[in-house]
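Participant: Based on what follows, work out the 3D shape:
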Amino acid sequence: MKSACEFFEEIMAIPRPSGKEEKIADYLCQFAKENGLWCSRDCYNNVIIKKDNGGDRTIILQAHTDMVCVAADGIEKDFEKEGIDWFIDGDFYRAKGTSLGADDGIGVALILAVLSSNQNGLPNIEAVLTSQEETTMLGASKLCYAQLTGKHIIGLDGVREGVLEVSSAGMCDITLEKKLNANTLQQGKMYQLKVEGLLGGHSGGDIDKGRVNGITLLANILNECDVASVASLVGGNKINVIPSSAECSFSSNKKVEELQAVCLKYTHQAAKKGEHPIITLEEVDLSGESYDAKDVLNFITSFKQGVVYSMEGGFPITSQNMGVAQLENGKIKILLSVRSSDKEKEARAIEAIEKLATENGFSFSLGNCVPFFSYKENSLVREVLGEAYTQLFGKKVATHHVHAGLEGGVFAQKIPDLDICVMAPDLYDIHSTNERVSISSIVRTQKWLIRALSLFEQSI
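Facilitator: Presented below is the predicted three-dimensional model:
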């Protein structure tokens, strides 16, 4: 039997960026063949491996095979052809100048360690290893669920040992567009306004921290600048990120000293929230078309950025984020997202955005919607994971609601009355060049997972 650490070291040698999971799928199918296990692979490079342990119960173990590929400045890495250059730093696996892929290579490794185990008393295993989780969740969406019989899932895509993720949020993408009326640059002086240096953050994990949105901050400043017309506007670059910067060129009849006073006012307001943006304003010479943007500014300043509905204690149920705003060729495009773990509140938030958009002359388009999974009051999976951790380490597990999308949401949509929890060893700074995973935590988590599976089988 190989350990999860040994499997992880093999996995790190395999190129596996999102959408390019062919090689890791080959590896998994070869593993199944060598171990005499049933295996299925589809055209999306999802792999299902089944092991009949002669148990009375069946459980699904799930992880995703792709990784976020990031390299530091000056590091050349072809992630489609090269594996990770990893090393051990004390208790941690780390990578040389790139992301490590512990999210979710370590989940795959833990599942393979269970499948290769000869321990008695385990339930029958259905291992589901999905593709493209980090981009579109296409793998989970296109999986053939008819091949699965289990109604209980242990997901291996968490980030902290001893913490169970017990619910997730879905996310809906929204695109707004509006053709602006052209003006000339004759009215007032032209200025360039830049907002930079905000904290930004993830639109799920950081949305309840009150982070300042760069697009909103820019629009609030412009709203007090007697803007006659706008020549350019751009802010943010991803729909699921709170923008940390935005900039705009505009004309105004106000003096530069008055505009600078407005900028200073909003700098002080941001400082009260613990943020220190760099807001710069300068006169510029521009020629060409500019546009009437009163409706645009009204929409942005009226949009409710952040948490819309929350649980008792403040954890978000529903939130919304303005991720991107861009003016190009006279058309403004705004990309928004709504996250929610409550279908009714999600619908209410989307309806309010559509109403505000229509009032300000925008077209409204609802795009991809990723489903969520809800907290289950009576969960056998949560019970056995908690009991196993206490037996082994004398500690209680913590439960954590996640205000972000997880593949479990897709599974919950496809499998009625699903019982799911997500676990992991200790991972830090995922999706970055500082990504690392604790080796001792991997060892403990493997023991924890196997003990929980034994208890699950005994729960008949």
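Participant: packing partners for the worst-scoring helix or strand of the chain on mean pLDDT?
Facilitator: Here the helix or strand of the chain ranked lowest by mean pLDDT, DSSP states H and E is strand 182-183, holding a mean of 84. Contacts defined by 3 or more C-beta pairs under 8 Å, 6 or more residues apart in numbering; DSSP states H and E place strand 182-183 against strand 290-291. All C-beta spots, glycine's among them, are computed from the backbone N, C-alpha and C.
Participant: returning to what we had before: in its sheet, what does the least confident helix or strand of the chain sit against?
Facilitator: strand 290-291 (antiparallel) (DSSP bridges).
Participant: From the contact counts, what lies against whatever helix or strand comes next after the partner strand?
Facilitator: Heading C-terminal from strand 290-291, the first helix or strand you meet, by DSSP states H and E, is helix 294-302. Applying 3+ C-beta pairs under 8 Å, 6+ apart, we find helix 294-302 packed against strand 170-179, helix 214-223, strand 227-235, strand 331-340, helix 343-359.
Participant: again, only using 6 Å
Facilitator: For helix 294-302, the packing partners by 3 or more C-beta pairs under 6 Å, 6 or more residues apart in numbering; DSSP states H and E come out as helix 214-223.
Participant: Now the helix it packs on: buried residues?
Facilitator: Using 16 or more other C-beta atoms under 10 Å as the test for burial, helix 214-223 gives 214-222.
Participant: Give me the residues contacting it.
Facilitator: Residues from elsewhere that reach helix 214-223 (C-beta atoms under 6 Å, 6 or more residues apart in numbering): 195, 198, 235-236, 243-246, 248, 262, 266, 297, 300-301, 305, 322, 325.
Participant: Just the angle for that helix relative to strand 227-235, thanks.
Facilitator: Angle of helix 214-223 versus strand 227-235, following axes from the mean of the first three to the mean of the last three C-alpha atoms, to 10 degrees, is 170 degrees.
Participant: Now do helix 214-223 against helix 294-302: the angle between them, please.
Facilitator: Put simply, helix 214-223 runs at 120 degrees to helix 294-302, going by the same axes, to 10 degrees.
Participant: starting at the chain centroid, how far to helix 214-223?
Facilitator: Relative to the centre of its chain, helix 214-223 is centred 26 Å away, using C-alpha atoms, centre = their mean, to the nearest Å.
Participant: what's the answer for stretch 275-284, then?
Facilitator: Centroid separation between stretch 275-284 and its chain, computed with C-alpha atoms, centre = their mean, is 30 Å.
Participant: now swap in stretch 10-30 and tell me
Facilitator: Stretch 10-30 sits 22 Å away from the centroid of its parent chain (C-alpha atoms, centre = their mean).
Participant: Buried residues, it. List them.
Facilitator: 11-12, 14-21, 23-25, 27-29.
Participant: Which ones among those residues map onto helices?
Facilitator: Judged by DSSP state H, the subset of the buried residues of stretch 10-30 located in helices is 11-12, 23-25, 27-29.
Participant: Would you indicate which residues of the helix or strand containing Ala388 are buried?
Facilitator: Here Ala388 sits within helix 380-393, counting by DSSP H and E. Along helix 380-393, these residues count as buried under the neighbour rule (16+ other C-beta under 10 Å): 380-389.
Participant: which one of these sits closest to Leu129?
Facilitator: Closest to Leu129 out of the buried residues of helix 380-393 is Val381 (18.7 Å), distances taken as C-beta to C-beta.
Participant: Helices of the stretch 51-200 of the chain, start to end?
Facilitator: For the stretch 51-200 of the chain, helices defined by DSSP state H, counting those that start in this stretch occupy the ranges 102-115, 138-142.
Participant: nearest to Ile439, of the ones you listed?
Facilitator: Comparing the helices of the stretch 51-200 of the chain by C-beta to C-beta, helix 102-115 comes nearest, at 10.3 Å.
Participant: What residues of that closest one count as buried?
Facilitator: Neighbour counts using 16+ other C-beta under 10 Å place 102-115 of helix 102-115 among the buried residues.
Participant: ok, now stretch 428-436?
Facilitator: 428, 430-431, 433, 435-436.
Participant: and of those residues, the nearest to Glu282?
Facilitator: Nearest to Glu282 among the buried residues of stretch 428-436 is Thr433, at 34.3 Å by C-beta to C-beta.
Participant: and the closest one, what is it in contact with?
Facilitator: 70, 72, 98.
Participant: follow-up on the earlier one: out of the buried residues of helix 102-115, which comes closest to Leu37?
Facilitator: Nearest to Leu37 among the buried residues of helix 102-115, with distances taken as C-beta to C-beta, is Leu115, at 6.6 Å.
Participant: residues contacting that closest one?
Facilitator: By C-beta under 6 Å, 6+ apart, the contact set of Leu115 is Lys51.
Participant: helices and strands around the lengthiest helix in the chain, which ones?
Facilitator: Counting by DSSP H, the longest helix found in the chain is helix 439-458. For helix 439-458, the elements it packs on are helix 4-12, helix 102-115, helix 380-393, judged by 3+ C-beta pairs under 6 Å, 6+ apart.
Participant: who does the shortest one touch, helix- and strand-wise?
Facilitator: The helices and strands touching helix 4-12, judged by 3+ C-beta pairs under 6 Å, 6+ apart, are helix 102-115, helix 439-458.
Participant: could I get those helices as TSV with distance to Glu282 and mean pLDDT?
Facilitator: Formatted as TSV, the helices and strands packed on helix 4-12 follow (distance: least, C-beta to C-beta, whole Å; pLDDT from 0 to 100):
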stretch	distance to Glu282	mean pLDDT
helix 102-115	42	97
helix 439-458	51	98
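Participant: For those, give me JSON lines that also has distance to Leu176.
Facilitator: Formatted as JSON lines, those follow (distance: least, C-beta to C-beta, whole Å):
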{"stretch": "helix 102-115", "distance to Leu176": "32"}
{"stretch": "helix 439-458", "distance to Leu176": "43"}
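Participant: For Asp292, which of those helices is the nearest?
Facilitator: Taking C-beta to C-beta, helix 102-115 is the member of the helices and strands packed on helix 4-12 nearest to Asp292, at 45.5 Å.
Participant: Next, the angle helix 439-458 makes with the closest one.
Facilitator: Relative orientation of helix 102-115 and helix 439-458, computed by the same axes, to 10 degrees: 50 degrees.
Participant: the inter-axis angle of helix 102-115 versus helix 4-12?
Facilitator: Interaxial angle, helix 102-115 versus helix 4-12 (the same axes, to 10 degrees): 130 degrees.
Participant: C-alpha coordinates for helix 102-115, CSV please?
Facilitator: These are the backbone C-alpha positions of helix 102-115, laid out as CSV (Å, rounded to 0.1, in the frame of the first residue of the first chain):
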residue,chain,number,x,y,z
ALA,A,102,-2.1,20.5,-3.8
ASP,A,103,-5.5,21.9,-4.6
ASP,A,104,-6.7,19.3,-5.4
GLY,A,105,-3.8,16.9,-6.1
ILE,A,106,-3.7,16.0,-2.5
GLY,A,107,-7.4,15.0,-2.6
VAL,A,108,-6.7,12.7,-5.5
ALA,A,109,-3.7,11.2,-3.7
LEU,A,110,-5.8,10.5,-0.5
ILE,A,111,-8.4,8.7,-2.6
LEU,A,112,-5.8,6.6,-4.3
ALA,A,113,-4.3,5.7,-1.0
VAL,A,114,-7.7,4.4,0.2
LEU,A,115,-8.2,2.5,-3.1
